[in-house]
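A.B. asks: Got a predicted structure here, sequence first:
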Amino acid sequence: MAIEKSTWTTKAGLAQMLKGGVIMDVIDEEQAKIAEEAGAVAVMALERVPADIRKQGGIARMSDPELILRIKECVTIPVMAKARIGHFVEAQILESLGIDYIDESEVLTPADEEFHTDKHKFKIPFVNGCKNLGEALRRITEGAAMLRTKGEAGTGNVVEAVRHARTVYGEIRKLHGMSEDELYTAAKNMQAPYDLVKSVAQAGRLPVVNFAAGGIATPADAALMMQLGVDGVFVGSGIYKSGNPAKRAKAIVQATTHYRDAAIIAEVSKHLGEAMVGIDISTLPQDQLLANRGW
Amino acid sequence: MTVGVLALQGAFIEHEAMLTRIGVETRQIRLPRDLDGIERLILPGGESTTIGKLMVMYDLLIPLRDRINAGMPVWGTCAGAILMSRRIVDGRPDQPALQVMDIESRRNAFGSQLDSFETDITMIGLDAPFHTVFIRAPIIENPGPSCRILAQLSDGRIVAAQQNHMLATSFHPELTEDDRIHRYFLTI
């Protein structure tokens, strides 16, 4: 009986197993253990959370492989790590570490301003960010097996995550109602392959799992994104830049599961301590918006 | 007949879609009150640590264990199979589980995601091979005397077992188009 590894089904399938869950950014073993203990479905191993990348500036690169391996050693859940957009050697390095998923991420400084990594060439699956359906379908065409709406990472402000999720799902609903001849122009306008546009229009949904990311700071934020239609959430700075990370992490996990149950969300939102302070995105200069990276 | 699908986390919608296609009514189970009127239960794939913790937090562990011990048919896929096992190997030492079935499961027995795979398996009760997918999958070890081994890989590792009304599979029939194992579960 032949065994086939790293097929599309295994790549997209792992993301299906993460659905309804919370993926947490962690910068060391201690945070990784807190995340697993809180019920995270996976951890994203990083040197700095996006809020610190934003504050400290400079070039943000792939994390130290040693750090990623130490985090991998101390948890039983899947481990993800970020490579710069278009930096396929960082991706090759991460693949060689035997982790579970690569995030080709706009949170790091892009290495290529024209081309994303050709993700079909890899055995390891990739997750990519998107702001709209065209961007989502271009990433799938390049081989992404999972998506996340970009939001605006490191701000603690959910407004961009909401905008991107509403855009993606609104565009899918519009496609779903289009006649076949309209789909050709839709594909042209969103700069995505016609066949993929057509299959999304027919199915009325994305062919891969889509999480929300970028600015989720409270249990209510997580449930909001779930009710808007995402399959799960990424939380980064929102947990470890708050007063009581362990408690907040656990509360966000519960709100993601019980996202339609306001009484439960109210209960888990009690006494969480200080939330991340957050940034009003309209005060950020255009060149500091991470979501604009990637095309 | 209504089949409950534990919906705390993981690939529960895929199981529901398969059952709906067969023509069976389903219900998502998140709280103990959701169990009323449920005749069968599926524990889906996902992260066993996450699902286990949420089962404890929302007081589902004991009612589920009681219903299963009282004879309610149950099927666990991947993480679901882990949660059913008497003992979990290579898990977290304090990982909560139902511990209803006389098997052990070894978590991530094949390695990381890079070792996830697709293959054909031969399963007792099915007329022809079943093409399926293993994702960071566990294997079943040391099945007790009342367990029946239903499927093994060519190296002998156990990937499906049944003990009376309890079915455990390491793999994910819900990610395929083949509904034979879902149909089989409805007969046990």
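C.D. replies: Structure received. Numbers count the residues shown, from 1 in each chain, chains lettered A, B, ... in the order given.
A.B. asks: Identify the residues contacting the closest residue to A:Lys198 other than its chain neighbours.
C.D. replies: Among residues not flanking A:Lys198 along the chain, A:Leu183 sits closest, at 5.5 Å (Cβ to Cβ, 6 or more residues apart in numbering or on different chains). Bear in mind the C-beta positions are built from the backbone N, C-alpha and C, glycine included. Residues counted as contacts of A:Leu183 (Cβ atoms under 8 Å, 6 or more residues apart in numbering or on different chains) are A:175, A:194, A:197-198, A:201.
A.B. asks: and whatever residue of the stretch 151-295 of chain A ends up closest to chain B, backbone torsions?
C.D. replies: Across the stretch 151-295 of chain A, no residue is closer to chain B than A:Thr257, which sits at 5.3 Å (Cβ to the nearest Cβ). Main-chain torsions, A:Thr257, degrees, to the nearest 10: phi -70, psi -50.
A.B. asks: swap in A:Ile23?
C.D. replies: Dihedral angles (degrees, to the nearest 10) for A:Ile23: phi -100, psi 130.
A.B. asks: who are the neighbours in contact with it?
C.D. replies: Applying Cβ under 8 Å, 6+ apart, we find A:Ile23 in contact with A:40-44, A:80, A:211, A:232-235.
A.B. asks: picking up where we left off before, okay, and the residue nearest to A:Lys198 sits in which element?
C.D. replies: Using DSSP states H and E, A:Leu183 falls within helix A:180-189.
A.B. asks: and that helix, how far out from the chain's middle?
C.D. replies: Relative to the chain's own centre, helix A:180-189 is displaced by 28 Å; criterion: Cα atoms, centre = their mean, to the nearest Å.
A.B. asks: Okay, buried residues for it please.
C.D. replies: Residues of helix A:180-189 classed as buried: A:183, A:186-187 (neighbour count, 16 or more other Cβ atoms under 10 Å in any protein chain shown).
A.B. asks: Could you do stretch B:12-28 as well?
C.D. replies: B:12-16, B:18-19, B:24, B:26-27.
A.B. asks: Restrict that stretch to CA atoms and write it as CSV.
C.D. replies: C-alpha atoms of stretch B:12-28 as CSV (Å, rounded to 0.1, in the frame of the first residue of the first chain):
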residue,chain,number,x,y,z
PHE,B,12,-16.7,18.7,13.4
ILE,B,13,-18.4,20.3,10.4
GLU,B,14,-16.9,17.7,8.1
HIS,B,15,-18.5,14.9,10.1
GLU,B,16,-21.8,16.7,10.1
ALA,B,17,-21.7,17.2,6.3
MET,B,18,-21.0,13.5,5.8
LEU,B,19,-23.9,12.4,8.1
THR,B,20,-26.2,15.0,6.5
ARG,B,21,-25.4,13.5,3.1
ILE,B,22,-26.3,10.1,4.3
GLY,B,23,-29.6,11.5,5.6
VAL,B,24,-28.9,11.5,9.3
GLU,B,25,-29.8,14.3,11.7
THR,B,26,-26.9,15.8,13.6
ARG,B,27,-26.4,18.1,16.5
GLN,B,28,-23.4,20.1,17.7
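A.B. asks: average model confidence for that stretch?
C.D. replies: Model confidence over stretch B:12-28, given as mean pLDDT, is 98.
A.B. asks: any residues touching that stretch, and which ones?
C.D. replies: For stretch B:12-28, the external contacting residues (Cβ under 8 Å, 6+ apart) are A:16, A:19-20, B:1-7, B:34, B:37-38, B:42, B:44, B:46, B:77, B:172-175, B:179, B:182-183, B:186.
A.B. asks: Any of these buried? List them.
C.D. replies: Among these, those classed as buried by neighbour count (16+ other Cβ under 10 Å) are A:16, A:19-20, B:3-7, B:34, B:38, B:42, B:44, B:46, B:77, B:172-175, B:179, B:182, B:186.
A.B. asks: Tell me the pLDDT of residue 5.
C.D. replies: Assuming you mean chain A. Predicted confidence (pLDDT) for A:Lys5: 96.
A.B. asks: let's do chain B instead
C.D. replies: We have a pLDDT of 98 for B:Val5.
A.B. asks: From A:Ile216, how far off is it?
C.D. replies: B:Val5 sits 26 Å away from A:Ile216, going by Cβ to Cβ, to the nearest Å.
A.B. asks: Brilliant, that's me finished.
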